[in-house]
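Colleague: Below are the sequence and a predicted model; questions follow.
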Amino acid sequence: QVQLVESGGGLVQAGGSLRLSCAVTGFGLEKYAIGWFRQAPGKEREGISLIGYGDGTTYYDDSVKGRFTISRDNAKNTVYLQMNSLKPEDTAVYSCAATWLWSIHAKDVDYWGQGTLVTVSS
């Protein structure tokens with residue numbers, strides 16, 4: 001059974017940092033790209049980062065580029081999102097997802113995690 005389980009969300013002050021984890025079971029990281037999506041209250045879900053399954057190629061949306069870093073630990077079958085210099089507008093539910101395609105579009109996601117809430121106070 002395929003499962004993606006996020007952890008690491010919480011409340012942080014603006015300028016602070018959090019590290020989200022996405023633990024994957026049911027398949028190896030070498031089979032799928034893993035992406036991070038977020039959905040803020042009243043807004044559409046957006047894809048913000050992606051890491052490939054081959055050479056570890058990464059993608060970042062402009063809104064997080066330079067502040068967030070995606071990485072993976074193949075031995076632990078876990079993908080991380082290190083979030084630095086957090087802003088109130090980063091407040092959202094963050095979900096990880098597995099995609100067979102190299103795509104950051106929600107329509108291409110094969111498996112979703114349940115999400116973890118990140119709240120950034122001003």
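Modeller: Thanks, I have the structure now.
Colleague: Check the chain and tell me which residue is nearest its centre.
Modeller: Trp36 (2.4 Å; C-alpha atoms, centre = their mean).
Colleague: what sits against that residue?
Modeller: 20, 22, 47-50, 70, 79, 81, 94-97 (C-beta atoms under 8 Å, 6 or more residues apart in numbering). Every residue, glycine included, has its C-beta placed from N, CA and C.
Colleague: From one end of stretch 106-122 to the other, what's the distance?
Modeller: 29 Å (C-alpha to C-alpha, to the nearest Å).
Colleague: in it, what's buried?
Modeller: For stretch 106-122, the neighbour count (16 or more other C-beta atoms under 10 Å) marks 106, 109, 111, 113, 115-116, 118, 120 as buried.
Colleague: For that stretch, what is the distance to the chain centroid?
Modeller: Taking the mean of its C-alpha atoms, stretch 106-122 sits 7 Å from the chain's own mean (C-alpha atoms, centre = their mean, to the nearest Å).
Colleague: Kindly report the same for stretch 2-11.
Modeller: 9 Å.
Colleague: Stretch 45-64 now?
Modeller: That offset, for stretch 45-64, works out to 8 Å (C-alpha atoms, centre = their mean).
Colleague: residues in contact with it?
Modeller: 29-39, 68, 70-72, 79, 81, 83, 90, 95, 99, 102-106.
Colleague: ok so, going back, how about the secondary structure of the residue nearest to the centre of the chain?
Modeller: At Trp36 the chain is in strand, as set by DSSP: H, G, I helix; E, B strand; the rest coil.
Colleague: ok, now how distant is it from Thr99?
Modeller: Trp36 sits 11 Å away from Thr99, going by C-beta to C-beta, to the nearest Å.
Colleague: Also Asp62?
Modeller: Counting by C-beta to C-beta, the gap from Asp62 to Thr99 is 20 Å.
Colleague: Quick check on the two: which one has the bigger neighbour count.
Modeller: Taking neighbours as other C-beta atoms under 10 Å, Asp62 and Thr99 compare with Thr99 leading, 21 against 7.
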